[in-house]
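Participant: just a sequence and a predicted model for now, questions to come.
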Amino acid sequence: MTIITSPKAPAAIGPYSQAVHVGPFVFCSGQIPVDPTTDKLCSEDFEAQTKQVLANVAAVLSAAGLTMKDVVKSTVFLKDMADFPKLNPIYEAAFAPNKPARSTIQVAKLPLDSRIETEVIAFKPWLAPSAPRFSNARPTSRVRSAKI
């Protein structure tokens, strides 16, 4: 396991790492909308917070030699699910053209009373010398639906 840190993202505010690299995967801790130059929330505005969160995620990935295109799974925590329609266009632009798997969860409270937090898992086969390459993988069986 290798610890990943980036000075271009907020430092961890507890006993955890910004990210860890294990095999071909990088697991990024949740990022909140803290501006790394001020160590304060960037704004109260949801859209501004979302852009800052995604910039922080991108900075941590960059420290691991990865980009948003390498993300295979994300989990988004929202203080208010009513912000979900505002999230999607910003999120889509940040990950374009890819669409990683995603879970979005409403929570009671987030650190520093932010409105959004996002964690991601990224994959890059070259990070593990013996990692299989899945780009040419073909399904070995098909699931068929049965009429009931």
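Facilitator: Alright, I've got the coordinates.

Participant: state the distance from the residue nearest to the spatial centre of the chain to residue 102.
Facilitator: Nearest to the geometric centre of the chain sits residue 120, at 2.8 Å (C-alpha atoms, centre = their mean). Applying C-beta to C-beta, to the nearest Å, the value for residue 120 to residue 102 is 9 Å. C-betas here are computed from N, CA, C, even on glycine.

Participant: what touches both of those two?
Facilitator: Here residue 120 and residue 102 have 73-75 as joint contacts, going by C-beta atoms under 8 Å, 6 or more residues apart in numbering.

Participant: between these, which has the most around it?
Facilitator: Within these, most neighbours by other C-beta atoms under 10 Å means residue 74, with 22 neighbours.

Participant: residues touching it, list them.
Facilitator: Each residue near residue 74 by C-beta under 8 Å, 6+ apart is listed here: 100-103, 118-121.

Participant: how about the secondary structure of it?
Facilitator: Using DSSP: H, G, I helix; E, B strand; the rest coil, the structure places residue 74 in strand.

Participant: that one bridge partners, please.
Facilitator: Beta-bridge partners for residue 74, by DSSP bridges, are residue 102, residue 120.

Participant: and it, what's its pLDDT?
Facilitator: If you check residue 74, the pLDDT there is 98.

Participant: which elements pack onto the longest helix anywhere in the chain?
Facilitator: When the chain is parsed with DSSP state H, its longest helix is helix 46-63. Applying 3 or more C-beta pairs under 8 Å, 6 or more residues apart in numbering; DSSP states H and E, we find helix 46-63 packed against strand 19-22, strand 25-31, strand 34-35, helix 84-95, strand 116-123.

Participant: contacts for that helix, please.
Facilitator: So helix 46-63 is contacted by 4-6, 8-10, 18-19, 26, 28, 31-36, 41-43, 67-68, 70-71, 83, 86-87, 90-91, 94, 114-118, 120, 122 (C-beta under 8 Å, 6+ apart).
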